[in-house]
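*Asks:* Please find the sequence and the predicted model below.
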Amino acid sequence: MSEAAWALSPKIPEGPLEHKWDLHRSGLKLVSPNNKRKLRVIVVGTGLAGASAAASLAELGYHVDAFTFHDSPRRAHSISAQGGINAAKNYQNDGDSVWRLFHDTIKGGDFRSREANVYRLAQVSNSIIDQCVAQGVPFAREYGGQLANRSFGGAQVSRTFYCRGQTGQQLLLGAYSALSRQVASGQVCMHTRTEMMDLVIVDGRARGIITRNVVSGRIEACVADAVVLATGGYSNVYYLSTNAKASNVTATFRAYKRGAGFANPCFTQIHPTCIPASGQHQSKLTLMSESLRNDGRIWAPEGVSDKRAPNEIPEAERDYYLERKYPSFGNLAPRDISSRAAKEVCDEGRGVGPTGRGVYLDFAAAIQRLGRDNIRGRYGNLFDMYRRITGEDPYATPMRIYPAPHYAMGGLWVDYNLMSNVPGLFVIGEANFSDHGANRLGASALMQGLADGYFILPYTIGDYLARTPTTSTSPDDVEFKEAATETRARIQRLLSGRGRRSAATFHRELGELMIEKCGMSRSKEGLAEALQSIPAIRDAFYREVAVTADDSGMNSALEYAGRVADFLEFAEVMCHDALARDESCGAHFRIEHQTKDGEAVRDDDRFCNVSVWEFAGAGEAPTLHVEPLVMEHVQLAVRNYR
């Protein structure tokens, strides 16, 4: 990329914070209906962000090619979101407002996100609820018919709308219904079982992608006037995470290697309420919704190595440590703080369960106060899921939980218009970095995905297309042919190995290294060790990995090996970022920078910024660029949830 491209202008509009988006939107250039019919947009990923974007763009009149490696958009990982979606409706009349949602989100992210982007997110949150209700999303309601709310971490109001414990699934069905309408009308061409393998840049602009059909093995090129990536996050770099096993970094990492900046890759969230790992046989972890912390109380035994059953431990010998340490928020402290507190308890030898890496989430008091039927109505499917997995009845005995990798706040850098530093490449949802800073508050992922897809991208992409001259591009152009050739070469490199180890063994080895050195806590020494170890694992991978069969048809081992290969490169970028950010903030906890009470210590003078990494070539350390963050409306302060 040219130096001009690395100026990293966030393009934040002028004007008062509360009017920036409205003023900006009214000044964007438009594409006439006749011209929209001549333009084509690629959307990669069909989760909440991708499905809503594809449906909205098609409704406007653009031709859309939508890609998913699943057999249906309904398989997207968005369905796994359980607890709810935030909006500043203030239906509970408890003091909520757009400003409070904005402030809670900025503070929750430890002041490492753009004010303008976050305020816009809070602004459009209310429209999301209206849109989803109109689609028929079955949000929970109170007896009188009003939409119900509950609380999530980092907030002292009830602003989370929910569909029992399956909010993501219901929201995705709403977006899928809108998308299906456009597929039926011919405005969207749906490419299922098709994985993006590379981004194609022509004359400095994103003009298409290279794909592989995972059933036939066919490598193809798709041309468009703009490309939208909505491919989710990269927490599977840790191997064990709450993400679906197919979730990966490949699409965004390919864009990074083509010149797109990767922002804050070390900002990864560890979710405090997951079912603890039970052994080496596991390939993923199971999330238990943060909504459970509304009524469940988290505790650990006061004594070290207490092996008694939880119901045998008297109240006086229980440590409700979140309520003790953070009385203002209690069990609804933010995720990064709650996760570190659980780890601290277990490190002291007070963890529970067979591995000692767990704490209790107890509903006894809530059941006594509200009744078993009421708790079943709120969380029944979550309780059933826990019982099926663990064989334990959470109505009778406390759940065991422990933190696990869950969400990526980092992602490709985008400006206020959600466009990366590569012209024509837009990035939405979890795939970009824009809204959550160093720690995402619960129930905000669904909010961001739908805000980007329904209410922001449809405006901003039109401005780009209106300002960009239309030029003829073909799959036969040299840029597409070269990208396809490079894709085939990467595939052949994986197939040419004569080793005896599966890709999963290397993925597990990398994940164990990353969770230890670049996980819930990090240190200068540990990160330096990781940067020494990762290349050795990667070299062994290409020498010893075994990928059976060939690329002429369905080959799940080949798909997986390709994704692991990208994780083995991307992990280095994460560690470089974590090492360069010599402070603690949000989920990025450098043990060298903490108070005597174990709280994060930021360095606002040096690191109130976005770190953006440029690919510098194979075998070279990435190049760091910085976008300063200017706080004009929120005062930088130590986060206090006590």
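*Replies:* Arrived safely, thanks for sending.

*Asks:* where does the stretch 151-300 of the chain have low pLDDT?
*Replies:* Of all residues in the stretch 151-300 of the chain, none has pLDDT under 70.

*Asks:* Would you map the helices across it?
*Replies:* Ranges of helices within the stretch 151-300 of the chain are 167-185, 250-257, based on DSSP state H, counting those that start in this stretch.

*Asks:* Out of those, which one sits most buried?
*Replies:* Greatest average neighbour count among the helices of the stretch 151-300 of the chain goes to helix 250-257 (a mean of 25), per mean count of other Cβ atoms under 10 Å. All C-beta atoms are positioned from the backbone trio N, CA, C, and that covers glycine.

*Asks:* Just the CA trace of that helix, in CSV.
*Replies:* What follows is helix 250-257, C-alpha atoms only, in CSV (Å, rounded to 0.1, in the frame of the first residue of the first chain):
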residue,chain,number,x,y,z
THR,A,250,-8.8,-16.5,6.9
ALA,A,251,-10.8,-13.9,5.1
THR,A,252,-9.6,-11.0,7.2
PHE,A,253,-6.1,-12.3,7.3
ARG,A,254,-6.0,-12.6,3.5
ALA,A,255,-7.2,-9.0,3.3
TYR,A,256,-4.4,-8.0,5.8
LYS,A,257,-1.8,-9.7,3.5
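
*Asks:* and that helix, what does it pack onto?
*Replies:* Other elements packing on helix 250-257 under the criterion 3 or more Cβ pairs under 8 Å, 6 or more residues apart in numbering; DSSP states H and E are strand 194-202, strand 226-229, strand 262-263, strand 411-412, strand 425-427, helix 556-580.

*Asks:* Using TSV, lay out the helices of the stretch 151-300 of the chain together with distance to Leu418.
*Replies:* Output for the helices of the stretch 151-300 of the chain, formatted as TSV (distance: least, Cβ to Cβ, whole Å):
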stretch	distance to Leu418
helix 167-185	17
helix 250-257	14
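
*Asks:* surely Thr286 meets Cys274?
*Replies:* Yes: the pair formed by Thr286 and Cys274 meets the contact definition of Cβ atoms under 8 Å, at 6.3 Å.

*Asks:* anything in contact with each of the two?
*Replies:* Common contacts of Thr286 and Cys274, defined by Cβ atoms under 8 Å, 6 or more residues apart in numbering, comprise Thr242.

*Asks:* before we move on, the earlier item: with mean neighbour count and distance to Pro622 as extra columns, can I get the helices and strands packed on helix 250-257 in a markdown table?
*Replies:* Shown next, in a markdown table, are those (neighbours: other Cβ atoms under 10 Å; distance: least, Cβ to Cβ, whole Å):
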| stretch | mean neighbour count | distance to Pro622 |
| --- | --- | --- |
| strand 194-202 | 24 | 17 |
| strand 226-229 | 30 | 19 |
| strand 262-263 | 27 | 8 |
| strand 411-412 | 28 | 14 |
| strand 425-427 | 29 | 18 |
| helix 556-580 | 22 | 6 |
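
*Asks:* can you tell which of these is closest to Ala300?
*Replies:* Nearest to Ala300, of all these, is helix 556-580, at 28.2 Å by Cβ to Cβ.

*Asks:* quick one: that closest one to chain centroid distance?
*Replies:* Offset of helix 556-580 from its chain centre (Cα atoms, centre = their mean, to the nearest Å): 16 Å.

*Asks:* Go through the helix or strand following that helix and flag the buried ones.
*Replies:* Per DSSP states H and E, the first helix or strand lying C-terminal to helix 556-580 is helix 604-607. Within helix 604-607, the residues that qualify as buried by neighbour count (16 or more other Cβ atoms under 10 Å) are Phe607.

*Asks:* And for Val638, the neighbour number?
*Replies:* Using other Cβ atoms under 10 Å, Val638 is surrounded by 11 other residues.

*Asks:* ok, so what distance separates it from Lys107?
*Replies:* Applying Cβ to Cβ, to the nearest Å, the value for Val638 to Lys107 is 10 Å.

*Asks:* what's the answer for Thr231, then?
*Replies:* Here Thr231 is placed at a distance of 28 Å from Lys107 (Cβ to Cβ).

*Asks:* which of Thr286 and Cys274 has more neighbours?
*Replies:* The residue with more neighbours, out of Thr286 and Cys274, is Cys274; 22 against 17, by other Cβ under 10 Å.

*Asks:* which residue sits closest to the more buried one, ignoring its sequence neighbours?
*Replies:* Distance criterion Cβ to Cβ, 6 or more residues apart in numbering; nearest residue to Cys274, sequence neighbours excluded, is Ala404 at 3.8 Å.

*Asks:* May I have the phi/psi pair for the one you found?
*Replies:* Main-chain dihedrals, Ala404, degrees, to the nearest 10: phi -150, psi 150.

*Asks:* what sits against the closest residue to Ser97 other than its chain neighbours?
*Replies:* The spatially closest residue to Ser97, leaving aside those adjacent along the chain, is Ala88, at 5.8 Å (Cβ to Cβ, 6+ apart). Applying Cβ under 8 Å, 6+ apart, we find Ala88 in contact with 96-98, 100-101, 122, 125-126, 159.

*Asks:* out of those residues, which are buried?
*Replies:* Applying 16+ other Cβ under 10 Å to these flags 96, 98, 100-101, 122, 125, 159 as buried.

*Asks:* farthest-separated two in those?
*Replies:* Across the buried ones among the contacts of Ala88, the longest distance by Cβ to Cβ is 11.5 Å; it joins Arg100 and Ser125.

*Asks:* these two touch, right, Ala563 and Asn248?
*Replies:* No Ala there; residue 563 is Arg. Yes: at 4.1 Å, Arg563 counts as touching Asn248 under the criterion of Cβ under 8 Å.

*Asks:* if we can go back for a sec, residues in a beta bridge with the residue nearest to Cys274, which ones?
*Replies:* His271 (DSSP bridges).

*Asks:* Over to the one 4 residues further on?
*Replies:* Beta-bridge partners of Ala408, counted by DSSP bridges, are Thr268.

*Asks:* cool, and the one 4 residues further on?
*Replies:* Per DSSP bridges, residues listed as beta-bridge partners of Leu412: Phe262, Asn432.

*Asks:* Please give me every residue in contact with Gln82.
*Replies:* Counting by Cβ under 8 Å, 6+ apart, Gln82 touches 165-168, 287-289, 291, 382.

*Asks:* oh, I was asking about Ser158
*Replies:* Ser158 makes contact with 92, 94, 96, 149-151, according to Cβ under 8 Å, 6+ apart.

*Asks:* Of those, select the buried ones using a ChimeraX command.
*Replies:* Buried residues among these (16+ other Cβ under 10 Å), as a ChimeraX selection:
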select :92,96,149,150,151
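
*Asks:* and which of the contacts of Ser158 is nearest Thr194?
*Replies:* Closest to Thr194, out of all of those and judged by Cβ to Cβ, is Arg150, at 38.2 Å.

*Asks:* Surely the residue nearest to Cys274 and Asn236 touch.
*Replies:* No: if you go by Cβ under 8 Å, Ala404 and Asn236 don't touch, sitting 11.6 Å apart.

*Asks:* So these two - more neighbours on which side?
*Replies:* Neighbour totals were compared for Ala404 and Asn236, and Ala404 leads with 29 against 25 (other Cβ under 10 Å).

*Asks:* Against Gln182, how distant is the residue nearest to Cys274?
*Replies:* In this view, Ala404 and Gln182 are 36 Å apart by Cβ to Cβ.

*Asks:* Same list (the helices and strands packed on helix 250-257) but as a markdown table, adding distance to Thr471.
*Replies:* A markdown table is the format used below for those (distance: least, Cβ to Cβ, whole Å):
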| stretch | distance to Thr471 |
| --- | --- |
| strand 194-202 | 8 |
| strand 226-229 | 13 |
| strand 262-263 | 28 |
| strand 411-412 | 24 |
| strand 425-427 | 16 |
| helix 556-580 | 31 |
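
*Asks:* Of all the ones you listed, which one is nearest Ile491?
*Replies:* Ile491 sits nearest to helix 556-580 of all the helices and strands packed on helix 250-257, at 6.9 Å, using Cβ to Cβ.
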